[in-house]
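Student: My questions concern the predicted model and sequence given below.
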Amino acid sequence: MAIRNIRMETDEILKKKSKEVEEIDEKTKELIKDMIDTMHKYDGVGLAAVQVGILKRIVVIDLYDEKPIIKLINPVITKTKGEQEVDEGCLSFPNKYVKVKRPAEVTVEALDENGKEIKITGTGLLAQAISHEVDHLNGIVLTDVMIPGTMEYSQPESIQERKKDKKK
Ligand code: NI
């Protein structure tokens, strides 16, 4: 188990575009494990490799809903549907919360850690998380997509509720 340092909001690396993973090797697998440990340590629902300083197109997502942790390598969003306005935070922006518009449904195609092609369709929080994390891979952070004037410095109720659900 290894917790990596999370790059914070003023770090220029967060604005950079991540590169495709060409080969899934032991280093990639170790990175994915560390990303999961780091996400869990800080109670996040998702983390992109760039947030631990690695410009590779890798994302992990855990909604703490008893479903397996989602690991996406080279994810591509192939379909979106509808829209939801939601509260959002980011481990790179501690204590900042904004409102954003995200698709209500997202379909993503990617490779898993064994190089197998996977396709996931998610709604609600999963659609939000996929879209937030794929933005990170393109150098886009939540302050780039927030609805202007919606920043808050304490955790909105909807996110607190989400955490309560997780602990059940
Ligand atoms: Ni984030």
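Tutor: Perfect, thanks for sending it.

Student: so where's this protein uncertain?
Tutor: 164-168 (pLDDT under 70).

Student: again, only this time at 90
Tutor: Along the chain, the parts satisfying pLDDT under 90 run over 1, 66, 158-168.

Student: in the chain, which spans are strands?
Tutor: 46-48, 58-61, 70-81, 84-88, 98-102, 105-111, 117-123 (DSSP state E).

Student: The longest one to strand 105-111, inter-axis angle?
Tutor: With axes from the mean of the first three to the mean of the last three Cα atoms, to 10 degrees defining the directions, strand 70-81 sits at 140 degrees from strand 105-111.

Student: Give me the buried positions along strand 70-81.
Tutor: Of all the residues in strand 70-81, those buried under the rule 16 or more other Cβ atoms under 10 Å are 70-75, 77, 80. C-beta here means a position set from N, CA and C on the backbone, and glycine is covered the same way.

Student: can you redo these as JSON lines with distance to Thr38?
Tutor: Converted to JSON lines, these look like this (distance: Cβ to Cβ, whole Å):
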{"residue": "Ile70", "distance to Thr38": "15"}
{"residue": "Lys71", "distance to Thr38": "13"}
{"residue": "Leu72", "distance to Thr38": "16"}
{"residue": "Ile73", "distance to Thr38": "17"}
{"residue": "Asn74", "distance to Thr38": "20"}
{"residue": "Pro75", "distance to Thr38": "19"}
{"residue": "Ile77", "distance to Thr38": "24"}
{"residue": "Thr80", "distance to Thr38": "28"}
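
Student: any chance of the strands of the chain in a markdown table, plus distance to Gly149?
Tutor: A markdown table is the format used below for those (distance: least, Cβ to Cβ, whole Å):
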| stretch | distance to Gly149 |
| --- | --- |
| strand 46-48 | 25 |
| strand 58-61 | 28 |
| strand 70-81 | 25 |
| strand 84-88 | 14 |
| strand 98-102 | 9 |
| strand 105-111 | 26 |
| strand 117-123 | 27 |
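
Student: Since that was my last question, I'll sign off now.
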